[in-house]
Each structure stands twice: as C-alpha cells, then as structure tokens.
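Peer 1: Fold the following for me, if possible:
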Amino acid sequence: MFRRIAAFFLLLWFFGFLWFAVTLPQPAGAQRTDAVIVLTGGPGRIPHAIDVLRRDLSPRLLVSGVDPEVRPVEFAREYDVPPRLMDCCITLGYRAFDTRSNAVEAANWLGANRARSVRVVTVDWHMRRAAYELGRELPRGIKVLRDAVRSEPSLRTLFLEYHKLLARWLIDTWQEWRQ
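Peer 2: Presented below is the predicted three-dimensional model:
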C-alpha cells in the first residue's frame with residue numbers, strides 16, 4: 001500500500017514538473033493596464049517594462065527590488081530613460097529583496113496609486129510564483145495581466161523554481177488547513 005501511495009505522489013510530482021517546464025508563461029499582448037510592475041533580477045525584464053510605458057500600454061511603472069545603492073539618475077542612464085519619463089512615470093522600489101517582499105511592495109504601491117489593473121513583468125520561469133505571491137497580497141478586484149519575458153532556463157533553474165513554488169503552496173495550504 002505504501003508503495004502505491006509513494007508511486008502516486010512521485011507521478012504527481014513528475015507530471016507537475018513536466019507541466020511547469022513545458023508550459024512556461026508567455027508574453028502578454030497589447031492590453032492596456034493602469035500600472036506595470038517589474039521584478040528585478042534577470043536580463044530583459046526592465047527594458048521590457050520600460051517598452052510597455054513607451055508604447056503607452058500603461059501610464060506608470062514600479063521597478064520592485066532595486067538595489068538601495070542605485071540612484072534614479074543612474075537607473076535612467078543605464079536604461080536610456082528620458083528625464084520626463086523618469087519623473088512622471090517610474091517609481092524605483094527599494095524595499096523588496098525577494099519574491100514575497102516584491103509582492104508586498106507592489107501591493108502597497110498599487111493601493112497608493114489606486115490601480116485596478118496591473119501588468120506584471122518577470123521572466124517566464126519566475127512568473128507563476130511571482131503571480132502567486134502577488135495574488136496573496138493584492139486587494140480583491142485588481143486584474144493581473146501576466147507578461148512573461150522569454151528566456152532559456154536551465155533544467156536546474158526550472159527544478160529549483162518548481163520546488164520553490166511547490167513548497168510555498170504546500171506551506172500555505174498546511175497553514176490554512178490548520179486554522
């Protein structure tokens with residue numbers, strides 16, 4: 001009996017990982033949102049989010065998880081952002097240091113800006129966990145558009161990210177069940 005249960009959970013884990021690795025989230029279309037949030041940490045994320053502003057798909061952007069040593073002028077120079085766009089539309093968030101704190105920082109910023117819809121920009125392999133964490137923090141009624149930046153993750157990256165997502169979900173499920 002134990003072997004059957006163990007085999008069932010092993011198959012569940014295997015097919016879950018296969019689904020996770022094969023069906024990575026995709027870039028979003030040209031839908032307009034009230035705000036854009038980009039999570040720092042990988043190539044292509046910030047340029048993609050700035051491009052969303054330039055294409056007028058959103059009026060404002062939060063860059064969550066910026067290193068405290070980075071000043072707005074340095075950021076603008078690094079990403080070729082004109083001062084007008086930097087002043088009106090881009091907020092650098094310095095409080096986040098991981099995906100969970102990105103979600104808290106983003107939820108606070110969205111509340112302060114009274115946004116009803118948000119485009120979340122991160123790499124494809126990170127999107128599910130980022131959206132999960134954000135969904136836990138956002139007030140009800142905010143529409144989330146997932147805008148994944150395509151990448152070529154290694155098997156190791158996919159393996160680690162799948163287990164981070166799975167662990168977070170299992171911990172949350174366990175805590176809710178205990179209450």
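Peer 1: use CA for all of it now, contacts and neighbours both
Peer 2: OK.
Peer 1: Run a quick neighbour tally on V104.
Peer 2: V104 has 19 neighbouring residues, counting by other C-alpha atoms under 10 Å.
Peer 1: Surely S117 and P139 touch.
Peer 2: No: using C-alpha atoms under 8 Å as the test, S117 is too far from P139 to be in contact (11.2 Å).
Peer 1: more neighbours, those two?
Peer 2: Residue environment comparison for S117 versus P139 gives the larger neighbour count to S117, 18 against 13, counting by other C-alpha under 10 Å.
Peer 1: who touches the closest residue to that one other than its chain neighbours in this structure?
Peer 2: Nearest residue to S117 in three dimensions, chain neighbours excluded: K143, at 4.4 Å (C-alpha to C-alpha, 6 or more residues apart in numbering). K143 makes contact with 116-118 under the criterion C-alpha atoms under 8 Å, 6 or more residues apart in numbering.
Peer 1: and K143, how far is that from L12?
Peer 2: Shown here: K143 relative to L12, a distance of 30 Å by C-alpha to C-alpha, to the nearest Å.
Peer 1: D124 too?
Peer 2: Between D124 and L12 the computed distance is 22 Å (C-alpha to C-alpha).
Peer 1: Equivalent analysis for L57, please.
Peer 2: Note on L57: its distance to L12, by C-alpha to C-alpha, is 39 Å.
Peer 1: got it, and N102?
Peer 2: Distance check for N102 against L12: by C-alpha to C-alpha, it reads 30 Å.
Peer 1: go on, P83?
Peer 2: Relative to L12, P83 is positioned 51 Å away (C-alpha to C-alpha).
Peer 1: neighbour-wise, which of L57 and L12 wins?
Peer 2: Taking neighbours as other C-alpha under 10 Å, L57 and L12 compare with L57 leading, 19 against 12.
Peer 1: That one contacts T33, doesn't it?
Peer 2: Yes: with contacts defined as C-alpha under 8 Å, L57 counts as touching T33 at a distance of 6.4 Å.
Peer 1: Could you export stretch 170-179 as CSV, CA atoms only?
Peer 2: Extracted C-alpha coordinates of stretch 170-179, given in CSV (Å, rounded to 0.1, in the frame of the first residue of the first chain):
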residue,chain,number,x,y,z
LEU,A,170,2.3,23.4,0.4
ILE,A,171,3.1,25.7,3.4
ASP,A,172,0.2,28.0,2.7
THR,A,173,-2.2,25.0,2.3
TRP,A,174,-0.9,23.5,5.5
GLN,A,175,-1.4,26.8,7.4
GLU,A,176,-4.9,27.3,6.1
TRP,A,177,-5.8,23.7,6.9
ARG,A,178,-4.6,24.1,10.5
GLN,A,179,-6.7,27.2,11.1
